[in-house]
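[1] Here is my input; please provide its structure:
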Amino acid sequence: MLRIQKGSDTAVIVMHEIYGINAHMELVCNTLSGYGVDAWCPDLLNRGEAAFAYAEESDAYAHFMQEVGFTAAAASARRLIAEIAPSYRQIILVGFSVGATIAWLLSEEPAVHGIVGFYGSRIRNYMEVSPACEALLFFPQEEGSFNVDDLLAALRDKPLVEVHKFSGQHGFSDPYSPKYNEASAQETLQRVRHFLSWVEST
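    Presented below is the predicted three-dimensional model:
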């Protein structure tokens, strides 16, 4: 678990990708804590060891799907939410890839006040979910496994859901990834900062 406490009444729980708590997740937590919120990043892989390298993408994906899965990861995050909820006025989830789908699965939880999801491609498998909080979702122009525009059109029909498409590929916000797109990363970061400020003010 990575935790950065600022004495805030708002907690942001960061949901990592299939790789685990790596340098990108540390950067995200440090960036978010710079906005004055408390940042938490639970280890949803339960490996008890270092994060997977990007070169181990196939192994990381297989480990998540076979040894963890969305249901168990969401249950683990739900336990953390229940544990820390009494200490905070608001809890916001920020997820990346599988982490975005986990955040989506938790968007109906009463203790969650907002979610942000980056390229949560598996959200398409959980369209029965109707967030009970504001949901801000970012997708890339390019996804090999599904039609982005079709998913965005379906998501826009849901109340409280705001979706945007950005230049680049899955992973565009990660400066450690070869798929990094600086312009898209900077624009989404500004939107996240505005979202956090708006949620905190409500």
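
[2] what pLDDT, on average, does stretch 68-77 get?
    Averaged across stretch 68-77, pLDDT comes to 97.

[3] which residues are in contact with that stretch?
    Contact partners of stretch 68-77, identified using Cβ atoms under 8 Å, 6 or more residues apart in numbering, comprise 13, 15, 42, 44-46, 64, 93, 98, 101-102, 105-106, 122, 126. Bear in mind the C-beta positions are built from the backbone N, C-alpha and C, glycine included.

[4] Now list the buried members of those.
    13, 15, 42, 44-45, 64, 93, 98, 101-102, 105-106, 122 (16 or more other Cβ atoms under 10 Å).

[5] Among those, name the ones in helices.
    Counting by DSSP state H, the part of these found in helices is 98, 101, 102, 105.

[6] what's next to the lowest-mean-pLDDT helix or strand in the chain, contact-wise?
    Least confident helix or strand of the chain, by mean pLDDT, DSSP states H and E, is helix 182-201 with a mean of 93. Outside helix 182-201, the residues within contact range by Cβ under 8 Å, 6+ apart are 10, 12, 31-32, 35, 37, 90, 92, 94, 113-114, 116, 118, 134, 136, 138, 140, 164, 166-168, 172-175.

[7] how distant is it from the center of its chain?
    13 Å (Cα atoms, centre = their mean, to the nearest Å).

[8] again, but for stretch 96-106
    From the chain centre to the centre of stretch 96-106 is a distance of 5 Å (Cα atoms, centre = their mean).

[9] could I get the buried ones among the contacts of stretch 68-77 as CSV with pLDDT and distance to residue 179?
    Formatted as CSV, those follow (pLDDT from 0 to 100; distance: Cβ to Cβ, whole Å):
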residue, pLDDT, distance to residue 179
13, 98, 24
15, 98, 19
42, 96, 25
44, 95, 22
45, 94, 21
64, 96, 18
93, 98, 23
98, 98, 16
101, 98, 18
102, 98, 21
105, 98, 25
106, 98, 26
122, 97, 18
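
[10] quick check, nearest of those residues to residue 153?
    residue 122 (17.5 Å; Cβ to Cβ).

[11] so what's the spatially closest residue to the closest one that is not a sequence neighbour up against?
    Distances taken as Cβ to Cβ, 6 or more residues apart in numbering put residue 101 closest to residue 122, at 4.2 Å, once the chain neighbours are dropped. Neighbouring residues of residue 101 by Cβ under 8 Å, 6+ apart: 70, 95, 117, 120, 121, 122, 123, 125, 126.

[12] repeat that for 6 Å
    Residue 101 makes contact with 120, 122, 123, according to Cβ atoms under 6 Å, 6 or more residues apart in numbering.

[13] can you pull the contacts of residue 115?
    93, 103, 107, 135.

[14] Ok, residue 35 next?
    residue 196.

[15] Strands along the chain, start to end?
    Counting by DSSP state E, residue ranges of the strands within the chain are 2-4, 10-15, 38-41, 90-96, 114-118, 134-142, 161-169.

[16] Residue 117: neighbour count?
    For residue 117, the count of nearby residues is 26 (other Cβ atoms under 10 Å).
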